[in-house]
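Q: Pasting the sequence and the predicted coordinates here, then a few questions.
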Amino acid sequence: MSKTSVQVGQVIWVNGPVVRARGSQQIGMLEVVEVGDEHLVGEVIGLERDVITIQVYEETSGLHPGAPVYGTGMPLSVELGPGLLQSIFDGAQRPLPVLKLRSGTFIGRGIKTTPLYHKQKWAFTPRVEVGDVVQGGAILGVVPETPLIEHRIMVPPDVSGRLTWVAPAGEYTIEEPIARLTPLSPPYEGGSTPLNPPYGGGESPLTSPLEGGQRGVGGEQTLTMFHRWPVRRPRPYRRRLPPTELLVTGQRVLDAFFPLAKGGAAAIPGGFGAGKTVCQHQIAKWSDADVVVFVGCGERGNEMTEVLQEFPHLTDPRSGHPLMERTILIANTSNMPVAAREASIYTGITLAEYYRDMGYHVALMADSTSRWAEALREISGRLEEMPAEEGYPAYLAARLAEFYERAGRVVTLNDAPGSVSVIGAVSPPGGDFSEPVTQHTSRFIRCFWALDKALASARHFPAINWLESYSEYVDEVADWWREQGIVSPLSSGGIEGGADWHALREQALGILQRESHLQQIVKLVGPDALPDDQRLTLETARLLREGFLQQNALDEVDSYASIEKQMRMLQIILHFHERAESIIAKGCPIIVIHDLPIVNTLVRMKTTVPNEQVEQIEEIWKALDEQMDQVKKDYM
């Protein structure tokens, strides 16, 4: 927060988190202000002549007309630098552990603290030399932020010039200078830097918030390890890349049936108790993203408490280190100020873009965008705006689009590939997917993981309905699957995993689709009235549901399934279907197939075959063929 804030007005009207003040006409839209004698943090969201409308990010009880309003000259911004990982922030990037030390369990109002700890020293190793011409995004040096992540100190996107001094390797705080440069007039040496988009949506009319670079004598600019960036402005990049690489989650129903590409956007809609939060926890823990940003936006306090207690003790399966070493948590629960809930989404996506710009793949979990939309609705109502569907503001769809469009796989300003994958949970009231937030969200995402309360009630987790869910990344990640080169040596012809995956996925979904139609007949006349070939469809569908799609998040073996294990499991189940189909055509009754010992083995292999011993599935395959061959002899 600016240390030179000046009074710009006085409060004339208070309605919950929305405050109006009369004052200076020089204040800017989206400027951060401090309200009242306690200096409550707020943001300007409306200007009409000399009347300023402010949304306050803290509890406003006790605020009265006549209270002073102070301007800071800055938009709502976040501090970007070493120390973000392993941190827990609120929606306005205030560090919650620090606030707890200063005010106790219940956060006091008006407490000011820096998001990053400015006194900690970091081991800086330069990667540039004096005389180099650098532009926005160039890497000045590296800092070992955690054992898992190397923090790349970058030139702020709006800065460029020729380096006149670079700090030698050593330990520095984030406030100490690490480089100085003399700005160059465009066109820069080496050519101009094309940005796409140049600054993202809506550049702030305020002075540049990129502190951490200060003007010196003769226009020289000093760079430090951190800078600030407005949360509502997308960070620039060089160009977008097509989403062709799978974000591996280790969850079979997602990777094999409804894949999400790195840089993609997905939604997880579902009613209360359907498993949205656990599904996001699984993705956060097991996905092959380099950095995880988890935004708890308006969820119940006890749910967020579980996250805060569980994540510090989780072990990163790839490295054996604590998962928090590559995780940032943003907690803004339902009992915290509603306006900060609206800001938390933008805070999270900006932190994700920052690590993307270093060349990392980032996964952002937003739980839940429905609570964020409810915050928009509440503030809109207090502003007396004309309501649209179900009371939501008319700009709900535009705000959702702005958020999801910040996902993407890009070439960064330093020419490194990076991505932000967004997984947003949606909590439709009563599980009604026709409500506005779910409907508008589905317009801006390409991966829809529909949770089914009936499946959850039947203890089928993850409760993703395979008939209502879809992914538009299937064709784009098919080449990625093909490159994995997963071959089943026992399958006829040894088909490669990539081409095989697309065909196997279509075959499995076709069986599940036919089962859905057959279940309507079964409910009327029972399964015994069906011919054996249709009863085989029901049996294979059961194997797919119980042996493949169902996955136990608490089981040590089943919690995560490697890509190779997923492919082998799907291959052997469908191989069972093909063998059984040919034997039934020769007159074998389905009950004989159903009673084979291999059937139970297929259901249990998800928990009995570890990822490191996937070759055991070949032994199961051999046993399957032996038992099928024996049955075939009996009906020759």
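A: Alright, I've got the coordinates.
Q: Phi and psi next, for residue 541.
A: phi -60, psi -40 (degrees, to the nearest 10).
Q: mind checking which helix or strand residue 523 is in?
A: Remark: residue 523 resides in helix 497-525, with elements defined by DSSP states H and E.
Q: repeat for residue 397
A: In this structure, residue 397 sits in helix 396-404 according to DSSP H and E.
Q: and the helix or strand encompassing residue 140, which residues are buried?
A: Residue 140 is part of strand 139-144 when elements are defined by DSSP H and E. Going by neighbour count (16 or more other C-beta atoms under 10 Å), the buried part of strand 139-144 is 139-143. C-beta coordinates here come from the backbone N, C-alpha and C atoms, glycine included.
Q: got a list of contacts for it?
A: 82, 122-128, 134, 150-155, 166, 178-179, 223, 225, 358, 414 (C-beta atoms under 8 Å, 6 or more residues apart in numbering).
Q: Using PDB, write out the CA atom coordinates for the helix holding residue 397.
A: Only the C-alpha atoms of helix 396-404 are listed here, as PDB (Å, rounded to 0.1, in the frame of the first residue of the first chain):
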ATOM      1  CA  LEU A 396     -21.800 -11.800 -15.500                       C
ATOM      2  CA  ALA A 397     -21.000 -13.500 -18.800                       C
ATOM      3  CA  ALA A 398     -18.400 -10.900 -19.600                       C
ATOM      4  CA  ARG A 399     -16.600 -11.300 -16.300                       C
ATOM      5  CA  LEU A 400     -16.600 -15.100 -16.600                       C
ATOM      6  CA  ALA A 401     -15.100 -14.700 -20.100                       C
ATOM      7  CA  GLU A 402     -12.400 -12.300 -18.900                       C
ATOM      8  CA  PHE A 403     -11.400 -14.900 -16.300                       C
ATOM      9  CA  TYR A 404     -11.300 -18.100 -18.400                       C
END
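Q: Give the residue spans of the stretch 1-150 of the chain that score low on pLDDT.
A: Within the stretch 1-150 of the chain, the stretches with pLDDT under 70 are 1-4.
Q: in it, which spans are helices?
A: 96-103 (DSSP state H, counting those that start in this stretch).
Q: all strands of it, in order?
A: Remark: strands assigned in the stretch 1-150 of the chain by DSSP state E, counting those that start in this stretch are 6-15, 18-23, 31-35, 40-48, 51-56, 68-75, 77-80, 88-89, 122-126, 133-134, 139-144, 150-154.
Q: can you redo these as TSV with distance to residue 100?
A: Shown next, in TSV, are those (distance: least, C-beta to C-beta, whole Å):
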stretch	distance to residue 100
strand 6-15	28
strand 18-23	27
strand 31-35	22
strand 40-48	18
strand 51-56	21
strand 68-75	25
strand 77-80	19
strand 88-89	10
strand 122-126	24
strand 133-134	40
strand 139-144	26
strand 150-154	25
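Q: Select, out of those strands, the one closest to residue 296.
A: Distance to residue 296, taken as C-beta to C-beta, is lowest for strand 88-89 among the strands of the stretch 1-150 of the chain, at 9.9 Å.
Q: which helices and strands does the closest one pack with?
A: helix 96-103, strand 327-332 (3 or more C-beta pairs under 8 Å, 6 or more residues apart in numbering; DSSP states H and E).
Q: Adding mean neighbour count, write the ones you listed out as a markdown table.
A: Listed next are the helices and strands packed on strand 88-89 as a markdown table, based on neighbours: other C-beta atoms under 10 Å:
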| stretch | mean neighbour count |
| --- | --- |
| helix 96-103 | 14 |
| strand 327-332 | 25 |
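Q: possible to save the ones you listed as CSV with distance to residue 612?
A: Output for the helices and strands packed on strand 88-89, formatted as CSV (distance: least, C-beta to C-beta, whole Å):
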stretch, distance to residue 612
helix 96-103, 37
strand 327-332, 25
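Q: domains in the chain, as residue ranges please.
A: For the chain, automatic domain parsing gives the domain ranges 1-75, 122-227, 249-472, 483-634.
Q: which one is residue 287 nearest to, not counting chain neighbours?
A: In space, and not counting its chain neighbours, residue 287 is closest to residue 249: 4.9 Å by C-beta to C-beta, 6 or more residues apart in numbering.
Q: Hmm, that neighbour is touching residue 286, no?
A: Yes: proximity of residue 249 to residue 286 meets the contact threshold set by C-beta atoms under 8 Å, at 6.0 Å.
Q: the more surrounded of those two?
A: residue 249 (24 against 20; other C-beta atoms under 10 Å).
Q: helix, strand or coil for the more buried one?
A: Under DSSP: H, G, I helix; E, B strand; the rest coil, residue 249 falls in the coil class.
Q: who's in contact with it?
A: Residue 249 neighbours (C-beta under 8 Å, 6+ apart): 255, 260, 282-283, 286-287.
Q: separation between the residue nearest to residue 287 and residue 444?
A: 21 Å (C-beta to C-beta, to the nearest Å).
Q: Likewise for residue 572?
A: Here residue 572 is placed at a distance of 38 Å from residue 444 (C-beta to C-beta).
Q: Residue 533 now?
A: From residue 533 to residue 444 the distance is 43 Å (C-beta to C-beta).
Q: Which one's more surrounded, residue 572 and residue 444?
A: Comparing residue 572 with residue 444 by other C-beta under 10 Å, the one with more neighbours is residue 572, at 25 against 18.
Q: Spatially nearest residue to the more buried one (excluding sequence neighbours)?
A: The shortest distance from residue 572 to any non-neighbouring residue, by C-beta to C-beta, 6+ apart, is to residue 621 (5.5 Å).
Q: Contacts made by the host helix or strand of the one you found with the rest, please.
A: Element membership for residue 621, per DSSP H and E: helix 616-634. For helix 616-634, contacts defined as C-beta under 8 Å, 6+ apart pick out 488-490, 565, 568-569, 572, 575-576, 579-580, 582-583, 586, 588, 592-593, 596-598, 601-602, 605, 608-609.
Q: The same query, at a cut-off of 7 Å, please.
A: For helix 616-634, contacts defined as C-beta atoms under 7 Å, 6 or more residues apart in numbering pick out 490, 568-569, 572, 575-576, 579, 583, 588, 592, 596-598, 601, 605, 609.
Q: what's the answer for stretch 309-318, then?
A: Contacting residues not belonging to stretch 309-318 are listed as 148, 285-286, 322-327, 329, 560 [C-beta under 7 Å, 6+ apart].
Q: switch to 6 Å and redo it
A: For stretch 309-318, contacts defined as C-beta atoms under 6 Å, 6 or more residues apart in numbering pick out 285, 323-324.
Q: so where's the chain shaky on pLDDT?
A: 1-4, 185-218, 487-499, 636.
Q: just to revisit the earlier point, which single one of the contacts of residue 249 is nearest to residue 34?
A: Residue 34 has its nearest neighbour among the contacts of residue 249 in residue 283, at 38.0 Å by C-beta to C-beta.
Q: what helix or strand is that closest one on?
A: Take DSSP H and E as the rule and residue 283 turns out to sit in helix 276-286.
Q: How far off centre is that helix?
A: 10 Å (C-alpha atoms, centre = their mean, to the nearest Å).
Q: swap in stretch 23-31?
A: 34 Å.
Q: Same check on stretch 605-616?
A: For stretch 605-616, the distance to the chain centre is 29 Å (C-alpha atoms, centre = their mean).
Q: Keeping just the C-alphas, turn that stretch into PDB.
A: The C-alpha coordinates for stretch 605-616 follow below in PDB (Å, rounded to 0.1, in the frame of the first residue of the first chain):
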ATOM      1  CA  MET A 605      -6.600 -54.700 -10.600                       C
ATOM      2  CA  LYS A 606      -6.900 -50.900 -10.000                       C
ATOM      3  CA  THR A 607      -5.800 -51.500  -6.400                       C
ATOM      4  CA  THR A 608      -3.700 -54.600  -6.800                       C
ATOM      5  CA  VAL A 609      -1.400 -53.500  -9.600                       C
ATOM      6  CA  PRO A 610       1.000 -50.600  -8.600                       C
ATOM      7  CA  ASN A 611       2.000 -48.000 -11.200                       C
ATOM      8  CA  GLU A 612       5.600 -49.300 -10.900                       C
ATOM      9  CA  GLN A 613       4.600 -52.900 -11.700                       C
ATOM     10  CA  VAL A 614       2.200 -52.300 -14.600                       C
ATOM     11  CA  GLU A 615       3.700 -55.400 -16.300                       C
ATOM     12  CA  GLN A 616       1.500 -57.400 -13.900                       C
END
